[in-house]
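K.L.:
Build me a structure from this.
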Amino acid sequence: MALIQVLLNGLLLGGIYACIGAGFSMVWGVVNIINILHGSFIVLGAYGAFFAHRYLGLHPFVAMLPLALLGYGLGALLQQYLIRHVMAAKVLVTLTLTFGLNLLLNNIMIYAFSADFRKVVLPNQEPLQWAALALPVDRVLSMAAAIGVVFVTHLLVTRTMLGRSIVAVRMDAQAATLMGVNVDRTFAITFGMGTALALVAGAILSPIFPISPTAADAYLSKAFIVCVLGGLGSLPGVLLGGIVLGLVESLGAYFLGPDHSLTLSFALLLVFLLLRPQGLLGKKGFE
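P.N.:
Just a heads-up that it's a prediction; the model follows:
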């Protein structure tokens, strides 16, 4: 029963990790930028959900929609007026730019909100009991919301003309241009969607994990590992990668102790980079 409980906890955690990695995967896979800002955007979304709950009485899941709109506008403007000008440069330039912007945003949040940890506390959070198993209600709801967000994004990418444009640009930007796709506009939309997904992930995480600007680096690390495990630009791969990471961390904490769960995650990352850099559901050429 204890092992089953650990596996269930890993599945719940994995669904949440998938939402953390979805926006990061889209930006990296389509725009070809490793967005160091992603972790800080997640924290910003968590703060938005926290203040919406405290001052407006909104449930974090209700606050996801305005936060998504805010994130989309912020990401699209950021890509259009800053990142677009360095996309043709070497990867170190884009890394330096997003790293600097991340430092700026993180320090603004520390100045505005302080580094103290906060948390959205929801009422009626008794765990679901079945035999000797217990499932925390907040994690069950957050996992369901996270999988729902990833599924809706997947439908948007695979079933709409906008999604086909994104996929075309991801596969071959020059060929997409010849077919009439506005590549610059598609890059801005994709970056906006990635930022929106990051803020939504923050709202989903806010009832589970404490909120602080100092957590940004941890979220960025999780997103990076999930993307490598699942495959760049593949939303089903992100879901699978998140579940694999959640299970590995839960099993590692159970058998080796919680101090070693992160070590196992990075060991798994190294194994995939060496043996299968395209990820579980990725394709060669997009690693």
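
K.L.:
ranges for the strands of the protein?
P.N.:
With DSSP state E applied, the chain shows strands at 128-130, 133-135, listed in chain order.

K.L.:
Identify, out of those, the most deeply packed stretch.
P.N.:
Scoring the strands of the chain by mean neighbour count under mean count of other CB atoms under 10 Å gives strand 133-135 as the most buried, with a mean of 15. Bear in mind the C-beta positions are built from the backbone N, C-alpha and C, glycine included.

K.L.:
and that strand, which strands flank it?
P.N.:
Applying DSSP bridges to the sheet, strand 133-135 is found paired with strand 128-130 (antiparallel).

K.L.:
chain center to the strand it pairs with: distance?
P.N.:
Its chain's C-alpha centre and that of strand 128-130 lie 29 Å apart, by CA atoms, centre = their mean, to the nearest Å.

K.L.:
remind me which residues of the stretch 1-150 of the chain are low pLDDT?
P.N.:
Within the stretch 1-150 of the chain, the stretches with pLDDT under 70 are 1.

K.L.:
same thing but at 80, please
P.N.:
1, 88-89, 123-134 (pLDDT under 80).

K.L.:
What's the local residue count around Pro207?
P.N.:
Using other CB atoms under 10 Å as the criterion, Pro207 is surrounded by 25 other residues.

K.L.:
just to revisit the earlier point, could you export the strands of the chain to TSV, including columns for distance to Ile110?
P.N.:
Putting the strands of the chain into TSV (distance: least, CB to CB, whole Å) gives the following:
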stretch	distance to Ile110
strand 128-130	37
strand 133-135	35
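
K.L.:
right, and those - which one's nearest Ala68?
P.N.:
Closest to Ala68 of those, according to CB to CB: strand 133-135, at 27.1 Å.

K.L.:
Check the offset of the closest one from the chain's centre.
P.N.:
In terms of CA atoms, centre = their mean, the gap separating the centre of strand 133-135 from the centre of its chain is 26 Å.

K.L.:
Also stretch 83-91?
P.N.:
Per CA atoms, centre = their mean, the centroid offset for stretch 83-91 relative to its chain is 22 Å.

K.L.:
okay, how far is it across that stretch, tip to tip?
P.N.:
Distance between the boundary residues of stretch 83-91 (CA to CA, to the nearest Å) amounts to 12 Å.

K.L.:
Pull out the buried positions in that stretch.
P.N.:
Ile83 (16 or more other CB atoms under 10 Å).

K.L.:
So what touches that stretch?
P.N.:
Residues from elsewhere that reach stretch 83-91, judged by CB atoms under 8 Å, 6 or more residues apart in numbering: 31-34, 93-94, 97-98, 184, 187-188, 191.

K.L.:
again, only using 10 Å
P.N.:
When contacts are taken as CB atoms under 10 Å, 6 or more residues apart in numbering, the neighbours of stretch 83-91 outside the stretch itself are 27, 31-35, 37, 75, 78-79, 93-98, 101, 184, 187-188, 191.

K.L.:
And the buried ones among those residues, selectable in ChimeraX?
P.N.:
ChimeraX command restricting those to the buried ones, with burial defined by 16+ other CB under 10 Å:
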select :27,31,32,33,34,35,37,75,78,79,94,97,98,101,187,188,191
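
K.L.:
Return the residues in contact with Leu70.
P.N.:
Contacts were defined as CB under 10 Å, 6+ apart; by that measure Leu70 touches 44-45, 48, 195-196, 199.

K.L.:
Going by distance to Gly148, which of those residues wins?
P.N.:
Ala196 (14.6 Å).

K.L.:
Tell me the spacing between Pro236 and Leu44.
P.N.:
With distances taken as CB to CB, to the nearest Å, Pro236 is found 27 Å from Leu44.
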